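Peer 1: predicted model follows, preceded by the sequence.
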Amino acid sequence: MKPIKLKYLSAFSVITALLLSLNSCKDDEYDFNSIEPVVIAITGDAMVAAHGLTAFPTKYTVPHRGGSTFKWTITSPAGNSTIVPDPKYQSIVYVTFPQASDTSSAIIKVVETTMGGKESPAATKNVVLTPFCPYNMDAFVGQLKGTSANNDPILYASKTANLNELVVKGLAGFINFSWGENWTVGDGSCLLKFSCGQLVKIERQKIGETDYPDIYFIEGSGTINPAATSITVSYRVYYTGGNTSLITTTLTKLPKSGIPENTEPFIILKK
């Protein structure tokens, strides 16, 4: 039995010696100057709304390398941008571009410096800054009234997680109270997007499916009256094989005194 024990002991000794040899390599023996840093590309949006609000930054990243530092700079004729590095990785930053009501641009630049002190060529990314005019969404949130009898008697508006967006339910109320259909998918709500020039747009979007059965879409545009805190939109509702005539309504906050009457005549809509 002794030879067998010595055999295993010998193998164990060889492995132990190998591990000790590997662990003896120290970080300061590594040649950091052998690293040639190259930042391949900056990842992030190439078109951003110039809202200037630090609560809604845009994320930009480059490939991370341990031990390296990353220096980010941004140039823009619109003014100074806010750059907030990620608390864990300098290869990630959160950028807020300056507010602008005209289309402008910005250039993002980043340079990597290795632990050995070598700098990479600067990587750049061009960003188009689209005009942004902030609106107070809170002025429209809640119960609304519309001037078209095709709307629900009471419409409901709520904000989204994005800026200058409002979700409105009830623009296509006639589908329920006139055509007698019930929503099976969705509830008829649609998204309104506000932009500079007191403009609002309803991009073509699905608002739901009914038990008719049918599928409905909506599309339109309009204007905002900040002084009156109102939105006037004209839109069409699309369904299988056709669409409604143009519907125009003006939305305002519902007064606490009661439900007002719709002032525009009811449009008879038929399939």
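Peer 2: Now that the structure is in, tell me what you want to look at.
Peer 1: when you work out contacts or count neighbours from here on, use the C-alpha atoms and nothing else.
Peer 2: Fine.
Peer 1: any idea how far apart the tips of stretch 159-166 sit?
Peer 2: 5 Å (CA to CA, to the nearest Å).
Peer 1: residues in contact with that stretch?
Peer 2: With contact meaning CA atoms under 8 Å, 6 or more residues apart in numbering, stretch 159-166 is reached by 134-138, 141, 157-158, 167, 191-195.
Peer 1: just the buried subset of those residues, please.
Peer 2: Pro134, Tyr135, Met137, Val141, Ala157, Ser158, Leu191, Leu192, Lys193, Phe194, Ser195 (16 or more other CA atoms under 10 Å).
Peer 1: so which of the residues you listed is the closest to Thr249?
Peer 2: Proximity of the buried ones among the contacts of stretch 159-166 to Thr249 (CA to CA) peaks at Leu192, which lies at 13.7 Å.
Peer 1: beta partners of that closest one?
Peer 2: Leu166 (DSSP bridges).
Peer 1: my guess is it contacts Ile202. True?
Peer 2: Yes: Leu192 is within contact range of Ile202, at 5.0 Å (criterion: CA atoms under 8 Å).
Peer 1: Ser178 versus the most centrally placed residue in the chain, what's the distance?
Peer 2: Central residue of the chain (CA atoms, centre = their mean): Asn162, 6.3 Å from the mean position. When CA to CA is applied, the distance between Asn162 and Ser178 equals 33 Å.
Peer 1: same question, Lys206
Peer 2: Distance from Lys206 to Ser178, by CA to CA: 20 Å.
Peer 1: so who does Thr229 touch?
Peer 2: Here Thr229 is in contact with Ala139, Phe140, Thr252, Lys253 (CA under 8 Å, 6+ apart).
Peer 1: rewinding a little: who has more neighbours out of Lys206 and Ser178?
Peer 2: Ranked by neighbour count (other CA atoms under 10 Å), Lys206 and Ser178 place Lys206 first, with 19 against 12.
Peer 1: mind checking the SS state of that one?
Peer 2: Put simply, Lys206 is strand when judged by DSSP: H, G, I helix; E, B strand; the rest coil.
Peer 1: quick check: closest non-adjacent residue to it.
Peer 2: Phe217 (4.2 Å; CA to CA, 6 or more residues apart in numbering).
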